[in-house]
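**Q** need a structure here:
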Amino acid sequence: MICILVRHALVRIAARLALLGVVAFLAACGSLPAYKQMPATLSLPPDAATPLAKIVAASTPPGEHSGFRLMPLGVYSLDARIELARRAQHTLDVQYYVIANDGAGGLLLRTLKEAALRGVRVRLLIDDLYTASTDQMLLALTATPNVEVRLFNPFCCARGSLAGRFAASAFDIHRLNHRMHNKLFIADGVMAVAGGRNIADEYFTLNSAQNFIDMDALVVGRVIAELATIFDGYWNSEEVYPIAAIVQPYAGRTVMASDFDARVGIGGPAPKVVLPPADVLGYGPIGEEFDAGRVGFLWGVAHAVADPPAKLRYMTGEEAFATSVTARFWQQLLTAENEVVLTSPYLVPGERGMAGFKQLRDWGVDVTLLTNSLAANDEPLVHSGYARYREKLLTEGVDLYELSPARTTRNKRLGIFGSSLGRLHAKTAVVDKRLVFLGSVNLDPRSATQNTELGIAVQSPQLAREMLRIINISKLESAYRVRIDPPTGKLEWLSMDEDQEIVLYDEPESSWLQRLKINLLGPLVPEDLL
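**A** Next comes the predicted model:
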């Protein structure tokens with residue numbers, strides 16, 4: 001018996017040594033190309049004769065700065081991107097953290113290829129973290145004339161899975177922890193879509209299992225030039241590589257192009273996005289207004305900001321924060337005199353954030369936060385980081401709400417969720433009913449010092465009114481209000497159903513196993529990794 005146990009122990013030790021040897025071998029082989037041949041290109045000046053430029057000109061009142069159309073409804077937001085790509089005549093500059101290998105991702109890639117075949121110059125920039133299932137499709141797309149695809153901060157090898165990629169880059173984790181979280185879509189240099197949505201079914205209420213409440217805006221006006229400059233800065237940065245320098249093709253260009261066409265349905269009827277007649281704000285599908293030659297926008301003075309692409313490459317954590325969108329976001333929040341209302345799906349304020357909220361409350365500013373409940377959060381360990389600050393936020397007098405998956409499913413005003421799990425993904429803020437901030441930034445350590453982010457600040461009471469209307473729908477109809485019960489000092493979750501107040505005393509809609517995992521693992525995870 002002892003011999004058997006010893007033999008088993010030796011086998012386990014040998015297996016572990018072999019695994020370590022494989023990891024060390026892969027890591028030793030894991031390096032990016034030393035040289036990348038990548039000519040710099042810049043945004044092209046807009047052509048006033050293009051259809052999109054004519055629509056913008058016809059829609060812009062004299063003297064206005066920048067115009068916005070909020071898109072809280074996922075299918076409307078997807079449709080806006082497809083309409084822009086189909087109507088573009090000169091350029092499409094597209095930048096995303098995720099483009100999934102699903103219906104929404106395939107539809108976008110198909111539409112980009114069709115635009116390129118019409119002669120539109122397509123520049124597509126993707127973060128490389130989640131490309132294991134799409135990198136061959138992206139490489140195949142580059143066989144199309146007028147298309148160029150680049151990867152932000154790519155993995156070197158073992159690209160078939162995320163685990164394999166990290167194993168092959170075991171000694172390069174510091175670099176690979178730096179990701180591009182920006183989301184931006186610019187058409188003909190005159191219209192853009194910016195906000196919180198990636199390109200995947202769940203961002204457009206097309207996923208049967210889970211879907212996000214999110215926010216984008218269709219943008220025109222002077223801020224487009226700032227967005228184009230931001231895109232160029234990323235496109236030509238040291239962190240970016242042409243996809244052909246990283247991804248090895250599985251077949252010849254002709255075969256890959258044919259496989260791409262079959263996957264996205266090139267040559268067949270174009271998929272139709274089923275659209276309701278109007279969204280919660282009363283707007284119809286954007287294509288109808290494009291056809292009419294004029295779009296209704298809300299106007300204000302706007303400015304776009306983004307983290308430098310080389311964030312952390314030459315910076316300490318404090319330097320990265322000082323140049324971050326998060327820091328500028330806080331600068332905007334701290335101009336408040338009366339009220340701050342914000343949504344953040346991944347809310348880990350940290351000591352710096354808590355100091356900011358305390359300062360606002362000391363000034364007498366009302367602060368309302370909407371975030372995910374444990375049941376709604378797709379990053380449970382991040383929820384543990386938020387939970388560390390929940391009672392402190394309430395003690396400071398912050399009005400705190402957590403999204404309820406069940407209530408979101410019943411609330412049809414922001415999309416038809418069916419039986420899918422509803423989650424919050426919108427990153428927005430409204431200050432004093434006059435200043436709106438939207439973009440990709442979360443109030444968590446990763447956005448502050450690791451990821452790059454994009455944000456737009458808009459001075460517009462009209463836009464603020466619409467944003468508050470949307471936030472209030474989620475806050476009042478799809479969320480729990482969290483409070484501390486004075487007699488017991490314990491947390492309570494409140495909701496109103498059929499005019500009756502319901503009070504819960506545990507993390508609502510979560511299982512005991514979810515709560516156990518958070519309680520056991522949450523304290524072990526360093527906050528700067530959340």
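**Q** Quick check: residue 375 is in a helix.
**A** No: counting by DSSP: H, G, I helix; E, B strand; the rest coil, residue 375 falls outside a helix, being coil.
**Q** shouldn't it be in contact with residue 515?
**A** No: between residue 375 and residue 515 there is no contact under C-beta atoms under 8 Å: 10.2 Å. Heads up, the C-betas are built off the backbone N, CA and C, glycines and all.
**Q** which residues are in contact with both of those two?
**A** residue 507 (C-beta atoms under 8 Å, 6 or more residues apart in numbering).
**Q** In terms of packing, which of these two has more residues around it?
**A** residue 375 (22 against 14; other C-beta atoms under 10 Å).
**Q** Give me the pLDDT value at that one.
**A** Per-residue confidence at residue 375 stands at 92 (pLDDT).
**Q** Skip the chain neighbours and tell me the closest residue to it.
**A** Leaving out its chain neighbours, the residue that sits closest to residue 375 by C-beta to C-beta, 6 or more residues apart in numbering is residue 509, at 3.7 Å.
**Q** Please give me every residue in contact with residue 215.
**A** Contacts of residue 215 by C-beta under 8 Å, 6+ apart are 70-72, 195-197, 343, 426-428, 438, 467, 470.
**Q** got it, and residue 263?
**A** Counting by C-beta under 8 Å, 6+ apart, residue 263 touches 106, 137.
**Q** Tell me how far it lies from residue 273.
**A** Separation of residue 263 from residue 273 (C-beta to C-beta, to the nearest Å): 18 Å.
**Q** Quick check: residue 159 touching residue 166?
**A** No: between residue 159 and residue 166 there is no contact under C-beta under 8 Å: 11.2 Å.
**Q** And residue 191, how close does it get to residue 185?
**A** 9 Å.
**Q** I meant to write residue 214 there.
**A** 14 Å.
**Q** try residue 400
**A** 33 Å.
**Q** between these two, which one's more packed in?
**A** residue 185 (26 against 23).
**Q** Can you classify the residue lying closest to that one once chain neighbours are set aside by secondary structure?
**A** Spatial nearest neighbour of residue 185, excluding adjacent residues (C-beta to C-beta, 6+ apart): residue 193 at 4.3 Å. Judged by three-state DSSP, the three-state class of residue 193 is strand.
**Q** which ones are touching residue 193?
**A** Residue 193 neighbours (C-beta under 8 Å, 6+ apart): 71, 77, 80-81, 84, 184-185, 216-219.
**Q** for residue 277, same thing?
**A** residue 284.
**Q** Could you check how far it is from residue 391?
**A** 45 Å.
**Q** Do you have the helices of the stretch 51-200 of the chain handy? List them.
**A** 51-59, 74-87, 103-117, 135-141, 162-168, 173-176 (DSSP state H, counting those that start in this stretch).
**Q** could you redo those helices as a markdown table and give each row mean neighbour count and mean pLDDT?
**A** Shown next, in a markdown table, are those (neighbours: other C-beta atoms under 10 Å; pLDDT from 0 to 100):
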| stretch | mean neighbour count | mean pLDDT |
| --- | --- | --- |
| helix 51-59 | 17 | 98 |
| helix 74-87 | 23 | 97 |
| helix 103-117 | 22 | 97 |
| helix 135-141 | 23 | 97 |
| helix 162-168 | 17 | 89 |
| helix 173-176 | 13 | 86 |
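**Q** for the ones you listed, which one sits closest to residue 38?
**A** helix 135-141 (15.2 Å; C-beta to C-beta).
**Q** can you pull the contacts of the residue nearest to the spatial centre of the chain?
**A** Central residue of the chain (C-alpha atoms, centre = their mean): residue 196, 4.2 Å from the mean position. Neighbouring residues of residue 196 by C-beta under 8 Å, 6+ apart: 183, 214-216, 425-428, 438-440.
**Q** Domain boundaries for the chain, per the record?
**A** Per automatic domain parsing, the domain ranges recorded for the chain read 38-292, 307-529.
**Q** What angle do strand 191-195 and the longest strand along the chain make with each other?
**A** Secondary structure of the chain per DSSP state E: the longest strand is strand 298-306. Computed with axes from the mean of the first three to the mean of the last three C-alpha atoms, to 10 degrees, the direction of strand 298-306 lies at 70 degrees from that of strand 191-195.
**Q** packing partners for the next helix-or-strand element following strand 298-306?
**A** Sequence order places helix 317-322 as the next helix or strand after strand 298-306, per DSSP states H and E. Judged by 3 or more C-beta pairs under 8 Å, 6 or more residues apart in numbering; DSSP states H and E, helix 317-322 is in contact with helix 445-449.
**Q** For the helix it packs on, C-alpha coordinates in PDB please.
**A** This file holds the C-alpha atoms of helix 445-449, laid out as PDB (Å, rounded to 0.1, in the frame of the first residue of the first chain):
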ATOM      1  CA  PRO A 445      -9.400  49.900 -10.400                       C
ATOM      2  CA  ARG A 446      -9.000  48.300 -13.800                       C
ATOM      3  CA  SER A 447     -10.500  51.200 -15.700                       C
ATOM      4  CA  ALA A 448      -8.400  53.600 -13.600                       C
ATOM      5  CA  THR A 449      -5.000  52.100 -14.000                       C
END
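**Q** contacting residues around the nearest residue to residue 85 once chain neighbours are set aside?
**A** Using C-beta to C-beta, 6+ apart and skipping the chain neighbours, the partner closest in space to residue 85 is residue 111 (4.2 Å). Residue 111 makes contact with 81-82, 85-86, according to C-beta under 8 Å, 6+ apart.
**Q** Do you have the helices of the stretch 301-450 of the chain handy? List them.
**A** Counting by DSSP H, counting those that start in this stretch, the helices of the stretch 301-450 of the chain are 317-322, 325-333, 350-362, 380-395, 405-410, 445-449.
**Q** re the thing from before, got the helices of the stretch 51-200 of the chain as TSV, with distance to residue 250 columns?
**A** Shown next, in TSV, are the helices of the stretch 51-200 of the chain (distance: least, C-beta to C-beta, whole Å):
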stretch	distance to residue 250
helix 51-59	37
helix 74-87	27
helix 103-117	17
helix 135-141	6
helix 162-168	16
helix 173-176	24
